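**Student:** turn this into a model:
(2 chains)
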Amino acid sequence: MEEETSGTVKKFMFVNRKAPYGTVYALEALEVVLISAAFDQDVSMVFVDDGVYELVKGQNTKATGMKNFSPAYRALEGYDIEKLYVDEESLEARGLTTENLLVPVEVLNTAQMAELMDQQDVVISF
Amino acid sequence: MKFGLMVSEGPYTHQASDTAFKFATAALEKGHQIHRIFFYHDGVNNATRLTEPPQDDRHIVNRWSKLAEEHGIDLVVCVAAALRRGIKDEILAKGFRISGLGQLVETGIQSDRLVVFGD
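**Tutor:** Here you go, the predicted structure:
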């Protein structure tokens, strides 16, 4: 899986904004994130707006006929993707706390999130 | 400046590919480079040569092919997203190629800016 791109390490941020099953964005975003791990980049994932639902514990998609891909977020650690950030306002607006999430995350307020985004080289939003 | 573009939405339904095209044209006119355009999600539908819009409408697919030919731009369609949506080698328009998501990450690394056109 290892591919060389002249040893450049950039700060990549993947911004997840959509609920997990209503559209394909969350699933296909996850596919990009997993691939990015093979390039040894400095990867962060951000969850804002309905994107916070992607991380909610106890997802059950049986009745929808769709694949429950939420266990993959737990596997991210194994790919050295450990920087997961969640927007505080988005969580609160949906009545959620970090207790409801299936992986450890860092909760950031809007100003902190803006600062983090400002530090990135590449921001890809889904 | 060297740009990489990502197009996340299909043609005609959504403005994204029109805006991406206008951006690419404007950037090239200003003397910038477009390193690669990566088509993801429903954006892969920009790549099928089976597209036949009405005569009085813009031909989004052919427009990409022409741009790529004139400026040597690499038009890459994500293989996983493409196969999900029935886009295969045998129906690709001129100038497009199917490859992996690694090509998107690579564009992010090699370009000065990666610009995403989507919803």
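
**Student:** what about stretch A:80-90, distance to the chain center?
**Tutor:** 7 Å (C-alpha atoms, centre = their mean, to the nearest Å).

**Student:** hmm, that stretch in reach of chain B?
**Tutor:** No - between stretch A:80-90 and chain B, judged by C-beta under 8 Å from any C-beta of the partner chain, nothing touches; the nearest distance is 12.8 Å. No exception for glycine: its C-beta is placed from N, CA and C like everyone else's.

**Student:** give the buried residues for that stretch.
**Tutor:** A:81, A:83, A:84, A:85, A:86, A:87, A:88, A:90 (16 or more other C-beta atoms under 10 Å in any protein chain shown).

**Student:** is it possible to get TSV of those residues that adds secondary structure?
**Tutor:** Converted to TSV, the buried residues of stretch A:80-90 look like this (DSSP: H, G, I helix; E, B strand; the rest coil):
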residue	secondary structure
A:81	coil
A:83	strand
A:84	strand
A:85	strand
A:86	strand
A:87	strand
A:88	helix
A:90	helix
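
**Student:** residue B:99 contacts residue B:76, doesn't it?
**Tutor:** Yes - contact criterion C-beta atoms under 8 Å: residue B:99 and residue B:76 qualify, at 5.1 Å.

**Student:** closest to chain B among the buried residues of stretch A:80-90?
**Tutor:** Ranked by distance to chain B (C-beta to the nearest C-beta), the buried residues of stretch A:80-90 are led by residue A:81 at 12.8 Å.

**Student:** surely that closest one and residue A:37 touch.
**Tutor:** Yes - counting by C-beta under 8 Å, residue A:81 touches residue A:37, with 5.8 Å between them.

**Student:** just say helix, strand or coil for residue B:43.
**Tutor:** Per three-state DSSP, the secondary structure class of residue B:43 is helix.

**Student:** for stretch A:19-26, which residues meet the burial criterion?
**Tutor:** Counting neighbours by 16+ other C-beta under 10 Å, stretch A:19-26 gives A:19, A:20, A:21, A:24, A:25, A:26 as buried.

**Student:** same question, stretch B:45-54
**Tutor:** Result for stretch B:45-54 [16+ other C-beta under 10 Å]: buried residues B:45, B:46, B:47, B:48, B:51.
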